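Asks: let me see the structure of the following:
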Amino acid sequence: MKISVILGHPYENSFNAAIAETVITTLKNNGHTAMFHDLGQENFNPILSDKELISENTEDELVLCHQSEIKEADGIVIIHPNWWGQPPAIVKGWIDRVLRKNVAYIFPEGNNGGGFPIGRLKAKAGLVFNTSNTPEERENTVFGDPLHHIWKDCIFGFCGVKIFDRVMFRVIADSTCEERKQWLDEVRQKVNQYFPQ
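Replies: Numbers count the residues shown, from 1 in each chain. Below is the predicted model of the structure:
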């Protein structure tokens, strides 16, 4: 299987990067092809221009590469920190520029975009790994865990990816080496669950 793996963290030695490395190694050990992109290292431009918005087309070769791969992906893994209850800007820009109409979804003929979309992604499962410094109780009771809703319903559900799971590792700032080792074991288990040999 071809699995698209997207990392959205600016620091190359972050725990997010360790998660991505663990995901890629596990996928390869299971016989899958990991199509990996570190958005920061690639200098992915997150800005959706007016021309690109109106035309629904792009001349950006990197965006075209991402669009081609996401259409072919049998599974998708996204890794990023929780910033203000949202993905970092570079990940939001990736969503805006890559998961476009006629790439990730379409609308029925005669629908101007106000109705229900038809997801076009063939990925069987979407898996998201997040890190956060917000305690779980506060995230759920005060903020309502917006990242879960964003990824499950607003993105993967919209684009036709029906199987979804998400893991949040917290509190990352106070975590110990032992906790991080346990978390990476959990990453391996999740990847093995959704993308086995």
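
Asks: look up how far W151 lies from the residue nearest the centre of the chain.
Replies: Geometric centre of the chain, nearest residue: I78, 2.7 Å, by C-alpha atoms, centre = their mean. Distance, I78 to W151, using C-beta to C-beta, to the nearest Å: 7 Å. The C-beta positions use only the backbone N, C-alpha and C, and glycine is treated the same way.

Asks: who touches both of these two?
Replies: Here I78 and W151 have 126, 128 as joint contacts, going by C-beta atoms under 8 Å, 6 or more residues apart in numbering.

Asks: list the residues that contact the residue nearest to the centre of the chain.
Replies: By C-beta under 8 Å, 6+ apart, I78 lies in contact with 6, 8, 91, 126-129, 151.

Asks: cool, N130 as well?
Replies: Shown in contact with N130 (C-beta under 8 Å, 6+ apart): 79-82, 147, 166-169.

Asks: mind doing that once more with 7 Å?
Replies: With contacts defined as C-beta atoms under 7 Å, 6 or more residues apart in numbering, the neighbours of N130 are 80-82, 147, 166, 168.

Asks: do the same with Y194
Replies: 75, 125, 127, 165.

Asks: and for the first one, the neighbour number?
Replies: What that stands for is G75. Other residues near G75 come to 23 when the count uses other C-beta atoms under 10 Å.

Asks: name the element I76 belongs to?
Replies: In this structure, I76 sits in strand 75-81 according to DSSP states H and E.

Asks: tell me which helix or strand comes right after that strand.
Replies: Immediately after strand 75-81, counting by DSSP H and E, sits helix 89-98.
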